[in-house]
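1. one predicted model, sequence on top.
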Amino acid sequence: MQIELETAAPTRIQRLKAMTDVTHERLDTRIMAAEPFASRERYALFLAVQHHFHADVDPLYTDPRLNRLLPDLTDRVRLDALRQDIVDVTGSEAPVLVAGTAELAIPAALGWLYVAEGSNLGAAFLLKEAVKLGLTEQFGARHLAGHPAGRGLHWRTFVAAFNGLDMSERDEADMAEGARAAFRRVHALVDQIFG
């Protein structure tokens, strides 16, 4: 007698990950090739990349439309911590940047938030590399610090809200394109800033 196991349908986050994996992997490879943790000078370039990206997504965290969909969104902002890291590492204030995401439709904006929030999970690995440069969660690597309740729980809360959104297939496709655009934006920043 053969028993067939029913497999659960993939969640929205799992579908989004599958739709953006190639773009994400290309970015990860490019960032590691730039050797952002080879020295504090290279790390300062990495901070510049991060600063541009987080300035881009910052308005999304305070967008009332998105805050109705995703609880505690305003508590997830890392831009101020990143600006303090820049001061710690370079001794200079970070420039004021104009965000490029203020006019995004909700599905695309959710794609950008998926990238920003997902990067917080990867930040655990990056923090270990920053520590080798003498940086800590209190100096120079604040934006890489985990949430006080734990990185995993913080991500799972986001995922639960994200998976619970009422969205069409078209919305999900637009969300995936938003996420790919966010990954491409970071890739372009790495190319521009690291050369």
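-> Here it is on my side, so go on.
2. OK, contacts around Phe158?
-> The neighbours of Phe158, taking C-beta atoms under 8 Å, 6 or more residues apart in numbering as the test, are 70, 76, 117. Yep, even glycine has a C-beta here, placed from its N, CA and C like the rest.
3. distance check, it against His147.
-> Using C-beta to C-beta, to the nearest Å, Phe158 is found at 10 Å from His147.
4. still on that earlier bit, of the contacts of Phe158 - the most surrounded one?
-> Among these, Leu70 has the most neighbours (other C-beta atoms under 10 Å), with 22 neighbours.
5. hmm, Leu113 and it touching each other?
-> Yes. Using C-beta atoms under 8 Å, Leu70 makes contact with Leu113 at a distance of 7.2 Å.
6. that older thread, so which of the contacts of Phe158 is the closest to His24?
-> Glu117 (13.2 Å; C-beta to C-beta).
7. so who does His143 touch?
-> His143 neighbours (C-beta under 8 Å, 6+ apart): 50, 54, 78, 81-82, 85, 123.
8. who's the closest spatial neighbour of Trp112, skipping the chain neighbours?
-> Excluding the flanking residues, the one nearest Trp112 by C-beta to C-beta, 6 or more residues apart in numbering is Ala182, at 4.5 Å.
9. let me fix that, I meant to ask about Gly111.
-> Distance criterion C-beta to C-beta, 6+ apart; nearest residue to Gly111, sequence neighbours excluded, is Gly178 at 2.5 Å.
10. does that neighbour sit in a helix or strand, and which one?
-> Here Gly178 sits within helix 169-194, counting by DSSP states H and E.
11. tell me the confidence at Leu97?
-> In this model, Leu97 is scored at 83, pLDDT.
12. distance check, it against Leu189.
-> Taking C-beta to C-beta, one finds Leu97 at 11 Å from Leu189.
13. what comes up buried for the helix holding Gly178?
-> Buried positions in helix 169-194, judged by neighbour count with 16 or more other C-beta atoms under 10 Å: 171-172, 174-176, 178-183, 185-187, 189-190, 193-194.
14. low-confidence stretches in this structure?
-> The model of the chain has pLDDT under 70 over residues 1-6, 100, 102.
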